[in-house]
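Participant: structure for the following, please:
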Amino acid sequence: MFFLGEYEYKVDAKGRVPIPPKFRKHFADGIVLNMGAEECINAYPLSVWEKIAEKFDSGPIAPSRVRQMNRAVFASAFDSELDEQGRVMLPQPLRQHADIKDSLIIAGTNKYLEIWSKARWEKQKALWRKDAWQLFENMEMRQ
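Facilitator: Predicted coordinates:
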């Protein structure tokens, strides 16, 4: 499963947005939305989210750090399902975090989707395009 590409949509009056049709089958069991680190919304298939949750149950991390990480990741998360038209409701706290009011971009980022306000996506895209040569150069060295 790979999520690729970028897709432009509008949020409807009820706060719903369609998931691109070719990705919907991956969200048949559910979708988990949470605050992305770069002021966007992350959208995970339930199976991917379950793997993330398992990682929080193991490892040599101090209990206080685990509690902080759990709060940061899980308290901002919302589980949902796609409706019959393939739409998901974007909860108000997440829309505020990502400054999504009308137009948005759904970007494929390998194992999950990112949902951006169109304006923030354009700024983000300009940043990584400017430095793309360095990103690709680093990838080539690792192969």
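Participant: look at the residue sitting nearest the centre point of the chain and tell me its secondary structure.
Facilitator: Taking Cα atoms, centre = their mean, the centroid of the chain lies closest to residue 42, which sits 1.6 Å from it. Three-state call for residue 42 (DSSP: H, G, I helix; E, B strand; the rest coil): strand.
Participant: pull the number of nearby residues for the closest residue to it other than its chain neighbours.
Facilitator: When the adjacent residues along the chain are set aside, residue 42 lies closest to residue 36, with 4.5 Å between them (Cβ to Cβ, 6 or more residues apart in numbering). Heads up, the C-betas are built off the backbone N, CA and C, glycines and all. Neighbours of residue 36 under the rule other Cβ atoms under 10 Å: 20.
Participant: please apply the same query to residue 19.
Facilitator: Using other Cβ under 10 Å, the number of residues around residue 19 comes to 21.
Participant: re earlier: so what sits opposite the residue nearest to the centre of the chain in the bridge?
Facilitator: residue 34, residue 114 (DSSP bridges).
Participant: now for it: which residues touch it?
Facilitator: Listed by Cβ atoms under 8 Å, 6 or more residues apart in numbering, the contact set of residue 42 reads 33, 34, 35, 36, 112, 113, 114, 115.
Participant: can you select the buried ones among the residues you listed for me in PyMOL?
Facilitator: Buried members of the contacts of residue 42, defined by 16 or more other Cβ atoms under 10 Å, are picked up in PyMOL with:
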select buried, resi 33+34+35+36+112+113+114+115
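Participant: check the contacts of residue 42 and tell me the two furthest apart.
Facilitator: The distance between the two most remote of the contacts of residue 42 (Cβ to Cβ) is 13.9 Å, for 35 and 113.
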